[in-house]
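> give me a 3D structure for the following:
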Amino acid sequence: MLNKAKYSLFTLLMIMVLSACTSNESMEDNLVSPTFAIPVMFDGEEGQNILRGEQGKLGFLIGSGLEKEEVELLPLVANEPNKYMWHFWGQDLNGKSLKVIGTNIETNEEAVIIDNYNIAGALNGADAHVPSSMVFPNSGIWELDVYVEKELFGNVVVEVQ
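Down below sits the predicted model:
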């Protein structure tokens, strides 16, 4: 009876250990901020913009396409600058200053990703927006702290390839 209990306990412990051992990819997926869609029109056809961030608060555009088509999400690639449209909800931020500071959560490296961009008015259902250029110095999981007028507005976690 005691051996059966030990075997059961050992089996349960092994299942717990094995289920806790997940790949880095799935752990990274859990850290990265979710995506969400906002409706847009493309030449009279219904479409959608896909943003990464916090729905109803902030996010930046990572893909777009027609409503009935699969949308390809653009990857963030280290050392490759690219343009991104940020969207904000809930406050009138028109004319205010945007700064984004990124921290690589694996190395603790900090970098200014966006510095002193002026936020514009409403766009695509968002209360404010700003076009930007972002470049990341290396790959990994980055936490982006988003500041409006030097006050933390929110954050977005991204994976950089």
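> pLDDT-wise, which helix or strand of the protein ranks last?
Scoring the helices and strands of the chain by mean pLDDT, DSSP states H and E places helix 2-20 at the bottom, with a mean of 41.
> so where's this protein uncertain?
1-29 (pLDDT under 70).
> what residues sit buried inside stretch 139-148?
140-148 (16 or more other Cβ atoms under 10 Å). No exception for glycine: its C-beta is placed from N, CA and C like everyone else's.
> got the contact list for residue 40?
Going by Cβ atoms under 8 Å, 6 or more residues apart in numbering, residue 40 touches 47-49, 64, 124.
> secondary structure class for the residue lying closest to residue 121 once chain neighbours are set aside?
Distance criterion Cβ to Cβ, 6 or more residues apart in numbering; nearest residue to residue 121, sequence neighbours excluded, is residue 94 at 4.6 Å. State at residue 94, reduced to three classes by DSSP: H, G, I helix; E, B strand; the rest coil: coil.
> residue 94 reaches residue 129, doesn't it?
No. Assessed by Cβ atoms under 8 Å, residue 94 is found out of contact with residue 129, at 9.5 Å.
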